[in-house]
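S.K.: structure for the following, please:
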Amino acid sequence: MSEHRIHIAIAESSPIISAGLTHTMSRLPGLPTRVVEINDTDHLINYLESEQPDILIINPFFLSPSYISQLRVKYSDLKIIAVAVMPLDRKTLENFHDSISIADDVETVTDKVKKNCDSRNSSSEPENKESLSNREKEIIINVVKGLTNKEIADKLFISVHTVITHRRNIARKLEIHSATGLTIYAIVNKLVDLAELHL
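M.R.: Modelled structure (predicted):
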């Protein structure tokens, strides 16, 4: 690793868990870090506006799932890692790049932080985000307007199977796995106007 210090923000309302995470993240072997504790949503929003952390480690219940999706779209370089203080279901983890458990050992946590920093610094992710085809953009627009796969297939004169394949490719490229996340992506990237949507 270079001498760059990995900037980690920890968003957790419990002072005990936050202190433990800060202590651990400040002492990852071989990884120089700068760690900031954040204990409320206003502080988090203001911090992300003014700073650019490499990694946000956050309790999944600190923010709503839709807000996590918004953060992923707005701060596309930010890696968001869920910290599990209890078992989490797959749906809860969909909006996160990775997860750690308070029961993980230091080696496991170090590996996950390093992996997420390495993927953040690689050039493949921005290329994927820019590689949506015009057809995939059409699919997104129709999904966020509430059309079913069958309705999209009929409208675009393609098979339902082709729609499903496009949707899988979109989810892989954008790392967005929910209609809410796609809606936020479509609005931010001006694929649709808010006025067109029935929210």
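
S.K.: any idea which element the most centrally placed residue in the chain lies in?
M.R.: Here the mean C-alpha position of the chain is nearest to the C-alpha of residue 72 (Cα atoms, centre = their mean), at a distance of 4.1 Å. When secondary structure is defined by DSSP states H and E, residue 72 falls within helix 65-74.

S.K.: who does whichever helix or strand comes after that helix touch, helix- and strand-wise?
M.R.: Scanning forward in sequence from helix 65-74, with DSSP H and E defining helices and strands, the next element found is strand 79-84. Counting contacts by 3 or more Cβ pairs under 8 Å, 6 or more residues apart in numbering; DSSP states H and E, strand 79-84 packs against strand 55-58, helix 65-74, strand 98-101, helix 106-121. The way it works is simple: take the backbone N, C-alpha and C, and place the C-beta from them, glycine included.

S.K.: most tightly packed of the ones you listed?
M.R.: When neighbours are counted by mean count of other Cβ atoms under 10 Å, the highest per-stretch mean among the helices and strands packed on strand 79-84 falls to strand 55-58, a mean of 25.

S.K.: and it, what does it pack against?
M.R.: Judged by 3+ Cβ pairs under 8 Å, 6+ apart, strand 55-58 is in contact with strand 6-11, strand 79-84, helix 106-121.

S.K.: okay, these in TSV with mean pLDDT and distance to residue 133 next?
M.R.: Rendered in TSV, the data for the helices and strands packed on strand 55-58 read as follows (pLDDT from 0 to 100; distance: least, Cβ to Cβ, whole Å):
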stretch	mean pLDDT	distance to residue 133
strand 6-11	93	34
strand 79-84	91	26
helix 106-121	83	23
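
S.K.: which among these is found nearest to residue 148?
M.R.: strand 79-84 (29.9 Å; Cβ to Cβ).

S.K.: okay, buried residues for the next helix or strand after that closest one please.
M.R.: Following the chain from strand 79-84 toward its C-terminal end, the next helix or strand by DSSP H and E is helix 90-93. Judged by neighbour count (16 or more other Cβ atoms under 10 Å), helix 90-93 contains these buried residues: residue 92.

S.K.: circling back: any idea which of the helices and strands packed on strand 55-58 gets closest to residue 173?
M.R.: Minimum separation from residue 173 across these (Cβ to Cβ) falls at helix 106-121, 14.4 Å.
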